[in-house]
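Peer 1: Quick one, structure for this:
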Amino acid sequence: MEHFTFRCVCCRRIRPRNLRVKNQHYCGDKRCQQARKSKWQREKQQTDPEYRTNKKESQQVWKQKNPDYWKRYRRQHPEYCMHNRQKQRIRDQSMQMSGSCEDNLVKMDTLNLFLKGNTGSYFICPADSDLVKRDALAVKIIPISAGYKHLAKKDSIAPQSMLRYGKS
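Peer 2: Residues are numbered from 1 along each chain as shown. Below is the predicted model of the structure:
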């Protein structure tokens, strides 16, 4: 009898095996089939770069065709907005209680876009040709946000308040 039944990995119920499905792990319930499909898509996304690229491109095309989708959705579903606000308040409170957030909520991908191309070594040269000394000054520019002053070297970067008064 064991050959004719299996335990569904999603709902954990013992179900009759579909003889046409080799190595069946999910039953035919809608929720279990959705879980099977989600698992397949997640694995495909991680292992197939072409699938990832196609998915990203199709999402961008859809987004361009529907630029106001989320504005309309929020306007038509105020309960969705209220639920999100409540959840965000809870997340903010837990971050404050744990001390892991020092009033610095930052999207890291935005920070990476800012740093891309800005960090590097540069030569500062005088633009005016009437200057006597025309040596180029070599500098390294590394942006540091205001919330991370404690990470800056004390001898190389002074806080903004000290720079205003000529101290360094």
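Peer 1: Can you give me the pLDDT of T110?
Peer 2: We have a pLDDT of 60 for T110.
Peer 1: Which elements pack onto the longest helix seen in the chain?
Peer 2: Across the chain, the helix with the greatest residue count (assigned by DSSP state H) is helix 78-98. The contact analysis (3 or more C-beta pairs under 8 Å, 6 or more residues apart in numbering; DSSP states H and E) places helix 78-98 against helix 69-76. Quick note: C-beta positions are derived from backbone N, CA and C, even for glycine.
Peer 1: Do a quick rundown of the helices in this structure.
Peer 2: Going by DSSP H, the chain shows helices at 30-47, 49-65, 69-76, 78-98, 108-115, 160-164.
Peer 1: Let me have those helices in TSV, extended by mean neighbour count and distance to V21.
Peer 2: Listed next are the helices of the chain as TSV, based on neighbours: other C-beta atoms under 10 Å; distance: least, C-beta to C-beta, whole Å:
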stretch	mean neighbour count	distance to V21
helix 30-47	12	11
helix 49-65	10	23
helix 69-76	10	37
helix 78-98	11	38
helix 108-115	10	41
helix 160-164	9	66
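Peer 1: what's the closest of those to H3?
Peer 2: helix 30-47 (20.5 Å; C-beta to C-beta).
Peer 1: what's the weakest-modelled helix or strand in this structure?
Peer 2: In the chain, no helix or strand scores lower on mean pLDDT, DSSP states H and E than helix 160-164, which sits at a mean of 45.
Peer 1: The nearest residue to Y69 once chain neighbours are set aside and T47: what is the separation?
Peer 2: Closest residue to Y69 apart from its sequence neighbours, by C-beta to C-beta, 6 or more residues apart in numbering: K63 at 7.9 Å. Distance, K63 to T47, using C-beta to C-beta, to the nearest Å: 25 Å.
Peer 1: sorry, back to before: give the rounded mean pLDDT of the longest helix of the chain.
Peer 2: For helix 78-98, mean pLDDT rounds to 90.
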